[in-house]
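Got a predicted model here, sequence first, then my questions.
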Amino acid sequence: MHEGTTEERFEAAARNLCERWSTFDFVRSVESVDSTLPDRLDPDHREFVPHWAESLYRNFDNIGAVAAIKRQLHTELEGDALLDLAASNRLDLTVEFLALRPAWKSLFDETERRTAAERLLRLLSLSFTDGNTPPAADDLDHVLDWLIDRTARWEVDPRLPKSRESLGCQDLSSRKDQTWCESVADTARGFSEVGLIATSLTQCIHYLHCQQCIGAFPELERQFRRFETRTIRQCHELLKLLRVCIERALSQGESDAFVWRAIVCGAGLFYNDSIGEFSRVLEEVGRGCVPAPALRRLLFDLNQDELHLLSFVDATSWVFIEMQWSLYDNDDLIYLPSDGDLWDIPGVVVVLNAPDVDEWKRLMTGSDLAFPKRCRDGRDETLPIEGYGLFRVISATAELRSGRWVAALAAIGQEPVPEARAVEATKEERPAAPEVESARPPVSGSREDSRMQTLLDRMTELRDLVASNSAAQVPIIDTLQAVVNKIDNPSRYRAEESLRRELGVVLYEWLSPKARHLAVAAEYCWLDANEPNPSKIVADLATAFEHQLRETVFTRFCETLRASGIRNYPERPGTLPSLVSGSSSVRPRPDLPVRYGSGFDMPYVPTLLENGKIAKTLTLGSMQMLLARALPALTNFLARHRIQMQKLMEVLPEIRDTRNRAVHEGQPVLREEALHIRRRWLGKTEGFPNIFAVLMPDNSTGSATGTRP
């Protein structure tokens, strides 16, 4: 690779680094006990002043990326970017770490590289207080090895061995099939250029058993062995903890708190990379794929009990989303209450000391898991979500799924999967757990399995019988009256034409198919004078807006981020080393999940993009918070696409609050009130824009002008 190409690739790497800065929520890392606000935040107006990424971009344009980074390395003081990223334990995103990558060794002299290394060592020494930090005057290669071990990041990419670029260009459609050896070469290039190790358990196993790959890229061996060891050890440890949760749920009878703890634990573990890697490989085996011998041996080390636990995690994710997003300070952690039976797993599970079991559901989910309901006679009722029945259904589903995995593994190995072995944690690993009964009966042919299948069959028969009897008992006079009422009801065609007239052709055709369908449903209810539930007009119209906002702004924004190689928004802080090394077995229980201290009332930035996947919890409320605290990346996206932000932030709170009342309280009850809301939201009242028109670029033509005469 000649010098000019190296400089071009370095500039691409530096610009990609700035793009990742613009997705980092630095305010989120401010401790609640610290009233000092970041320099980029105006405490009077709660607004960001120009981000320092923008000034670096300008330097790139004026003097080039190499010269701009050299200038920064020659300054005597650490920049704001370095200090903020160090506070969030993300030194891998600093220009100092970028300058130290082997791919750019020819661009920086030893003095500049040593300056970068000294700055990183100085900051890391604050976290590693054991005195093991190497002296800054040590051999530079030795210092770099130490820094890489503590700064380089891992990223699990389940789509490997498909091709990937280390710098942006992560459009899924552009990724091509390739061999595992070619995939390892991609990973080695990314590690050399930006310090990112994008791998998977399958790729890791291939590398460690391929002499050609080890010989070509020896710098990956230590990192891949660490990844393999960490993935296997963490998966077994997390399954051990989940087993305790399930055992306690079974031993406590129908106690809702213990049941919900098992469900919350399973839902949270679904997003863990170690659990996900084993589940993904098992899914491939279930589809008939035959893994490499070394990977096959890892799968055979899983006993039937662990296969059931992995299936429980998958089954829980089908019914529930991650239930703790936006609840505690770190969305990557699972917070579980305990009476002494659980233990911390650094970077994954935080145990909350909570002897009062009645508080557990509120600590885990921020609520009592009950729905408020407004009856037709005006009475307010609360409907609790019955956890034990859900737990049994999830467990039955997990039994069936793990049974298929057992059969698939036996087919490829021609040997039985080992029975569950009792693996207990040592006293150093966790406190002694209360005595509980055996985890569960054998996988197949169990009495419990038979009872569960019989129960499911009886529930199905009962449901069919009730439906049949209800249909047979409808009075004929009511049926005839319903037929008469429907004679003059509007057709879907009338509803579509009515909505087309209200919105105009341009705006109507611009709506996404799902948003248009919901808006037509709302219009159908409006045209039907016999509609018994006027709140449905409001609920459907608001939900149509929600889908259009998600599609127009956030889905396209996530596509833009992924095309730039960014897989998280906001970019996540790292786990502090001091917490990993000195984590206590049980943490003090907080009174309530909180975000910021009294001196800092900035709204929280919810998770939008997690490991390249759009969050399932993208509701109107979360989208409003994302817009209220738009980080530079989102702000630039909105500006480029000319989204009418001022009008959008005016209408969004009203739509959210009104939709919540319509869905949860059945408001408005009166048809006249629902019709007034419809007229207002379609821009037919003074001073309020058309809610769909504000989502269009402000230079769009047609009748989508935000108001109508």
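Perfect, thanks for sending it.

quick one: contacts for the residue nearest the centre of the chain?
Central residue check for the chain by Cα atoms, centre = their mean: the C-alpha nearest the mean position is that of Glu610, 3.9 Å away. Contacts for Glu610 were tallied using Cβ atoms under 8 Å, 6 or more residues apart in numbering; they are 271, 331, 568. Placement of C-beta: from N, CA and C, glycine included.

Where does confidence bottom out across those?
Lowest model confidence among these falls on Asp331, which carries 72.

Which of the contacts of Glu610 fall within strands?
Assigned to strands by DSSP state E, none of these qualify.

Let me have the residues you listed in TSV, extended by neighbour count and distance to Lys616.
Listed next are the contacts of Glu610 as TSV, based on neighbours: other Cβ atoms under 10 Å; distance: Cβ to Cβ, whole Å:
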residue	neighbour count	distance to Lys616
Tyr271	20	11
Asp331	20	13
Asn568	19	15
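
For the residue nearest to the centre of the chain, name its beta-bridge partners.
Lys613 (DSSP bridges).

Now do the helices in the stretch 51-200 of the chain.
Using DSSP state H, counting those that start in this stretch, the helices of the stretch 51-200 of the chain run over 52-63, 65-74, 80-87, 95-99, 110-124, 140-151, 180-194.

Out of those, which is the most enclosed?
Among these, ranked by average contacts under mean count of other Cβ atoms under 10 Å, first place goes to helix 95-99 (a mean of 24).

Return the list of helices and strands in contact with it.
Contact here means 3 or more Cβ pairs under 8 Å, 6 or more residues apart in numbering; DSSP states H and E; on that basis helix 95-99 packs against helix 3-21, helix 65-74, helix 80-87, helix 110-124.

out of those helices, which comes closest to Trp180?
For the helices and strands packed on helix 95-99, distance to Trp180 was read as Cβ to Cβ. The smallest value, 24.3 Å, belongs to helix 3-21.

can you list the residues that contact that closest one?
1, 51-53, 56-57, 60, 64-66, 68-69, 81, 93, 95, 98, 103-104, 106-107, 166-168, 193-194, 564-566, 571, 632-633.

Please repeat the previous calculation with a cut-off of 6 Å.
For helix 3-21, contacts defined as Cβ atoms under 6 Å, 6 or more residues apart in numbering pick out 53, 56-57, 65-66, 93, 98, 104, 107, 167-168, 193-194, 564-566, 571.

How about it, which residues are buried there?
6-7, 9-21 (16 or more other Cβ atoms under 10 Å).

out of the residues you listed, which one sits closest to His308?
Nearest member of these to His308, counting by Cβ to Cβ, is Arg20, at 39.2 Å.

Tell me which stretches of this structure form strands.
Assigned by DSSP E, the strands in the chain fall at 41-42, 47-48, 153-156, 196-199, 334-338, 349-353, 370-374, 380-384, 609-610, 613-614.

Ser535: which of those is closest?
Ser535 sits nearest to strand 370-374 of all the strands of the chain, at 9.6 Å, using Cβ to Cβ.

what packs against that closest one?
strand 380-384 (3 or more Cβ pairs under 6 Å, 6 or more residues apart in numbering; DSSP states H and E).

surely Thr231 meets Asp273?
No. The pair Thr231 / Asp273 is not scored as a contact, 7.3 Å apart, by Cβ atoms under 6 Å.

Quick check: mean pLDDT of stretch 314-322?
74.

what's the answer for stretch 637-655, then?
Stretch 637-655 shows a mean pLDDT of 91.

just how off-centre is that stretch within its chain?
Taking Cα atoms, centre = their mean, to the nearest Å, the mean C-alpha location of stretch 637-655 is offset from the chain mean by 24 Å.

Okay then, goodbye and thanks.
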